[in-house]
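Student: make a model of this:
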Amino acid sequence: MIDRAAAKRAAENHMNELAADVRVVAFDDTAIERSYGWFFEFGSAEPGAGLRGAGPVLVLRENGGIVEFSSAYDPETAAEAYGKDPTKFPVASA
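Tutor: A predicted model of the protein is given here:
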C-alpha cells in the first residue's frame, strides 16, 4: 500500500520518463482520491512549455501501478470510467 505523497511521486516519475524534453508536475488541486488510488492531472513545471496529448494517470493504492488515460479524459471522467469497468484500462507500469 502506498500513500498520496508516494502516489504523486510515482505519477510524476512516470510522466517525466515519457516527456523527456520538459519537466512535468502533478497538480494536487485537481487530484481525485478513490478507495483504489489517486487520479492526477499534469502540466509543465516550466512557464510557456506545454504538454500535448497528456491525459490523467491513476496510481493504484495497492501496488503503485500506473494506469494512463488519454487526453479525452479529465480526472473526474477518468475516475467515473475506471470505476465502471477497470478491465478496460490496463496497468502501464507497476
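Student: isn't Leu58 right up against Val67?
Tutor: Yes. When contacts are counted by CB atoms under 8 Å, Leu58 is listed as touching Val67 (4.1 Å). C-betas here are computed from N, CA, C, even on glycine.
Student: of those two, who's got more company?
Tutor: Summary of the neighbour comparison: Leu58 and Val67, criterion other CB atoms under 10 Å, with Leu58 having more neighbours (27 against 20).
Student: could you give the backbone dihedrals for that one?
Tutor: Per-residue torsions, Leu58: phi -110, psi 130 (degrees, to the nearest 10).
Student: secondary structure class for Ala11?
Tutor: Per DSSP: H, G, I helix; E, B strand; the rest coil, the secondary structure class of Ala11 is helix.
Student: wait, it touches Val57, no?
Tutor: Yes. A contact is recorded between Ala11 and Val57 when judged using CB under 8 Å, the distance being 5.2 Å.
Student: okay, and the common contacts of these two?
Tutor: Residues touching both Ala11 and Val57 by CB atoms under 8 Å, 6 or more residues apart in numbering: Phe40, Phe42, Ile66.
Student: what does the helix or strand in which the second one is found rub up against?
Tutor: Phe42 belongs to strand 37-44 when elements are defined using DSSP states H and E. If you take CB under 8 Å, 6+ apart as the criterion, strand 37-44 is touched by 4, 7-8, 11-12, 15, 22-27, 30-33, 50-51, 54, 56-62, 74-75, 78-79, 82.
Student: same thing but 6 Å
Tutor: Under the contact criterion CB atoms under 6 Å, 6 or more residues apart in numbering, strand 37-44 has outside partners 4, 7, 11, 15, 22, 24, 26-27, 30-32, 51, 54, 56-61, 75, 78-79.
Student: now do stretch 3-15
Tutor: Val24, Ala26, Trp38, Phe40, Phe42, Val57, Val59, Gly64, Ile66.
Student: my read: Phe89 touches Val67, true?
Tutor: Yes. Here Phe89 lies in contact with Val67, judged by CB atoms under 6 Å, at a distance of 4.9 Å.
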